[in-house]
Structure formats: structure tokens, C-alpha cells
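**Q** fold the stuff below for me.
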Amino acid sequence: MHFRIPPFFPPYAVLVLVIAYAIGSLWLGLSRLDAIAELTAANARNRAAMHDVEALSAAVADIETAGRGFALTADESYLEPLERGRRQIPILLSALRDRMRDDAVELGLIEELVPLVAEHTTSVLAGIERKRNIPDQPYQPAFGGGGKERSAEIRRIFVALEAREQDEIGQVRQTFDKAIAGIRRGLYFMAGVTLLLVVALFMAVRRLRSFIPEAPGALSGSTVDIAAGESPAAKDAGVGTLLHDALLRARLAAASTPAESSHGKHLRSLIVAMEQALGAHSVAYGQDETPAGAHGVARAMSILADAYSKANGLKIKTTIDQSASVQDLQKAFLIFRSAEWALEVITVRKRTGGVTLTITGSKGQILLKIEALTDDPKLPVTLTPKETEEANALRQGIVAMAGTFIVDEGPAGFSLALTVPADS
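**A** Residues are numbered from 1 along each chain as shown. This next block holds a predicted model:
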């Protein structure tokens, strides 16, 4: 059972859904980032306010401690923390007013604290002056009436402010944890929706591709239609090439297998069947059994070079000796297939530039040479296992005919040099 997009659901609707999902994800992500940033800023404000409250409490305590110490000892060193506290209190009160501007309760506590701190500071300063003017005056702990009550009220306000700030910090922390949990759930949900959209998009692309006709190319599978357009029979030249390739491999396997064995007998019967198939193919299409034999080796190399040359791509530069003639169909096939294999290896590693193809016949031999430089000289040519296996089969066939098959996978390019004895 295959999952398919319903016919009433157009493929372009998937693209619309993807765009809408992308916009929604962006909006949701930005809104969550804004929420996290707002919570972080609120937490920073609360902690800063908490720090200022603690600093204000310490400054008031410094003033009170300095006043008591000076009253007991008349030591001027106690006046330094007092002066420091007097300088810090106005600054801290102003900062707390700004931070608590939006909280009426806390702002009211600050406004209530201001006169109490002022009175408390004035009382301490009065006690210090009294001690300086009348050194023998006995120590008075409260420095006047209402001192204890005022100190207790100041401490109560500080405790209330610290408690409220701690409570707000805890609330922000809880809200932050809930926001993180929501983001985590949202990520799981978005991952699931993304997976569904990817599947839907894949199905939509498959449907759209079904409406796009495939452009015919010069290359078809692992063979080249070297006589395309020459005759109707040439349209099936690849079948003869495949049959010859299979026959070559069967003969090589039979040569290394004992004839008396069951496998050897099976190979011989297979060879006979393929020879009959090649004969039937030749009769059915009224042509030679191999593309090379259809026009001669020289003509076949020319057509093969034209098939692999591209207007804006590779340029196959040929040097063809028209006297290079082969009558043996198996030998002609090996020469043609070797050249085709080399061009296949080159085209997957080189997109533009020149490739030289030379075939000559002299001194009783036919020489085929194909050379090309890679597009990137830093990347050496390395044959794939399939390419190596095909090269080994061709090499064995050439060697069986007393020829040579040499492949050079150099650091700067690729070359094939093939020699076979000419027909006697």
C-alpha cells in the first residue's frame, strides 16, 4: 500500500503550506524569544532592586553604628562609615524609586521610608554634636525620644521590601520554567509537523516530475548509440553491445573453468545461446553484430567521439587512421567497448576541456590511445569498483587476443593505451 496525495489536493498547495509553516514558525519563535528576554529583564530588575534594598539597609545600619560608636568612644574614625552612608542613601533611594515606579505598594514603602531615614540620620548627627560639645555627657542610646520605635519601623519596611522582591524573583523563576517547558513541547510539535511537510513535499515533487518530459540524451545507460539517426536499425545497437559484452565475460569464465565440470558445461551452453542470440539480432535488424563492425573501427571511433562531444562541454579531439581495419567482430567489439569505457570514466570526472582520441594501424598492430586531464589537478583519478571490474574484463579479453590494455590513473589525469594485432 502506497501513501499518495489525494487527487483533489494540488501539489502547489503543499508549497503554500510550507511557506505558511515557515512564517508561523518564525513568528512563534520570535514571540518566545521576546517572552524569554522580558522574563530575563524582569529577573535582572528584581535582583538589582534587591541589591539596592540590601545596600540601603547596610547604609542606614552604618550610620546608626557610627553614631553609637562615636558616642561611646569619641573616636573620629567612626565618622568615615557615617559619611559614606550619608552619600549613598540619596543615590540608593533615587534608584529604588525608578525601579519600583510600576509597583504602587513598594513605591509607597519607599516614600514612607524616606522621612524615617532622614529623621534617624538627623538624630544620629545631633547625638554626635552633643557628644562633641559636652564630652562628659552620659551616653543616651536613643539620642532622643522615639529612637527605638523609628529604628523598628525602618527595619520593618526593609523586611517588607526584601520579602516582596524575593517573592517576585520566585514568580519570575516559575514563569521562566513554564516558558521553557512550553518551548520544549513546541519544538516536539514543530519537529513532527516538519516531518509531515517533508513527506508531503516529497510526494508533491514526485507528482510534478511526472508532468515533466525527460529530454533524450546522447548517453543511455552504459552504452552509446553511435549510429543514432543513421538508420532505424541503429536505434537498437546497444542490444548488440550488451550481448557481445556478456559473451566476452562468458568466454573468459569458460577459459578458466574445467570443461568437464558442471559449471563448465553450463558456461558452454550459455555461450552457444548468446551466439545464437547475436545471430538472431543481426538477422532481425539487418546489420553487423557489433556497432564497430557496422561502420568499421575507424568510423565507429568517429561516431563515438561525436556522441560524447558537447557544445559547451567536452571536446573529443580525434586522430583517426582510416587504414585501421578489423574484420574479427570480437576484436572490433573489444576496441570499441574499451574506447567507450574510457570516455565513460572521463565524462563523470571532467565537465569541460579537451580529450584526445587517437587510433592508428601500423606495423601489424592497431593502437588506441585516449588521454584527458582532470578539471582539478589536486584530485587524482580513482576508479570505482564497478569501473575496475569492467576494465579487468576488457583487459582479459584483449590479453586473450595477444594485445595490451594499460590504464594510467595519474595524479593529473587519465589515459588508456590499447594495442591489438591487426588482421593478417
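
**Q** CA atoms only for stretch 309-319, dumped as PDB, please.
**A** Extracted in PDB, the C-alpha atoms of stretch 309-319 (Å, rounded to 0.1, in the frame of the first residue of the first chain):
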ATOM      1  CA  SER A 309      31.400  15.800 -27.500                       C
ATOM      2  CA  LYS A 310      29.200  18.700 -26.200                       C
ATOM      3  CA  ALA A 311      28.800  22.200 -27.400                       C
ATOM      4  CA  ASN A 312      29.600  23.700 -24.000                       C
ATOM      5  CA  GLY A 313      31.300  20.700 -22.500                       C
ATOM      6  CA  LEU A 314      33.900  18.200 -23.500                       C
ATOM      7  CA  LYS A 315      35.600  18.400 -26.900                       C
ATOM      8  CA  ILE A 316      36.800  15.000 -28.200                       C
ATOM      9  CA  LYS A 317      39.800  15.700 -30.500                       C
ATOM     10  CA  THR A 318      40.300  12.700 -32.700                       C
ATOM     11  CA  THR A 319      43.200  11.500 -34.800                       C
END
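
**Q** got the contact list for that stretch?
**A** For stretch 309-319, the surrounding residues in contact (C-beta atoms under 8 Å, 6 or more residues apart in numbering) are 301-302, 305-306, 308, 343, 346-347, 350-360. C-beta here means a position set from N, CA and C on the backbone, and glycine is covered the same way.

**Q** what about that stretch, average pLDDT?
**A** For stretch 309-319, the mean pLDDT works out to 83.

**Q** secondary structure element for F414, which one?
**A** Element membership for F414 (DSSP states H and E) is strand 413-421.

**Q** buried residues in that strand?
**A** With burial defined by 16 or more other C-beta atoms under 10 Å, the residues of strand 413-421 counted as buried are 413-420.

**Q** tell me what it is packed against?
**A** helix 329-347, strand 365-373, strand 404-408 (3 or more C-beta pairs under 8 Å, 6 or more residues apart in numbering; DSSP states H and E).

**Q** now the angle from the second one to strand 404-408?
**A** Here strand 365-373 points in a direction 10 degrees away from that of strand 404-408 (axes from the mean of the first three to the mean of the last three C-alpha atoms, to 10 degrees).

**Q** so which elements touch strand 365-373?
**A** Going by 3+ C-beta pairs under 8 Å, 6+ apart, strand 365-373 lies up against helix 329-347, strand 353-362, strand 413-421.

**Q** that one: which residues count as buried?
**A** Using 16+ other C-beta under 10 Å as the test for burial, strand 365-373 gives 366-373.

**Q** cool, and the last one?
**A** Applying a neighbour-count criterion of 16+ other C-beta under 10 Å, one finds 405, 407 buried in strand 404-408.

**Q** so V407 makes contact with G413?
**A** No. Taking contacts as C-beta atoms under 8 Å, V407 lies outside contact range of G413: 11.7 Å.

**Q** sorry, back to before: now render the helices and strands packed on strand 365-373 as CSV, adding mean pLDDT.
**A** Formatted as CSV, those follow (pLDDT from 0 to 100):
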stretch, mean pLDDT
helix 329-347, 83
strand 353-362, 86
strand 413-421, 86
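
**Q** mean neighbour count, these: which tops it?
**A** The highest average neighbour count among the helices and strands packed on strand 365-373, using mean count of other C-beta atoms under 10 Å, belongs to helix 329-347 at a mean of 23.

**Q** what about K315, which helix or strand?
**A** In this assignment (DSSP H and E), K315 forms part of strand 314-320.

**Q** partners of that strand, with directions?
**A** Applying DSSP bridges, strand 314-320 is found paired with strand 353-362 (parallel).

**Q** distance from the chain centre to the partner strand, please.
**A** Taking C-alpha atoms, centre = their mean, to the nearest Å, one finds strand 353-362 lying 43 Å from the centre of the chain it belongs to.

**Q** now the angle from that strand to helix 329-347?
**A** Going by the same axes, to 10 degrees, strand 353-362 makes 160 degrees with helix 329-347.

**Q** pull the CA atoms of strand 353-362 into PDB?
**A** Below are the C-alpha coordinates for strand 353-362, written out as PDB (Å, rounded to 0.1, in the frame of the first residue of the first chain):
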ATOM      1  CA  GLY A 353      38.000  20.900 -21.900                       C
ATOM      2  CA  GLY A 354      39.700  18.600 -24.400                       C
ATOM      3  CA  VAL A 355      40.000  14.800 -24.600                       C
ATOM      4  CA  THR A 356      42.300  13.300 -27.200                       C
ATOM      5  CA  LEU A 357      41.400  10.000 -29.000                       C
ATOM      6  CA  THR A 358      43.900   8.500 -31.400                       C
ATOM      7  CA  ILE A 359      43.600   5.300 -33.300                       C
ATOM      8  CA  THR A 360      46.300   4.100 -35.800                       C
ATOM      9  CA  GLY A 361      47.200   1.000 -37.600                       C
ATOM     10  CA  SER A 362      50.800   0.200 -38.400                       C
END
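
**Q** please identify the buried residues of stretch 101-119?
**A** Buried-residue list, stretch 101-119, by 16+ other C-beta under 10 Å: 106, 109-110, 113, 116-117.

**Q** number of residues surrounding the nearest residue to K131 once chain neighbours are set aside?
**A** Leaving out its chain neighbours, the residue that sits closest to K131 by C-beta to C-beta, 6 or more residues apart in numbering is A71, at 5.1 Å. A71: 20 surrounding residues under other C-beta atoms under 10 Å.

**Q** next one: A71 from P81, what distance?
**A** Going from A71 to P81 by C-beta to C-beta, to the nearest Å gives 14 Å.

**Q** show residues contacting the helix or strand G85 falls within.
**A** Element membership for G85 (DSSP H and E) is helix 79-99. For helix 79-99, the surrounding residues in contact (C-beta under 8 Å, 6+ apart) are 45, 48-49, 52-53, 55-56, 59-60, 62-63, 65-67, 70, 107, 110, 113-114, 117, 121, 124, 128.
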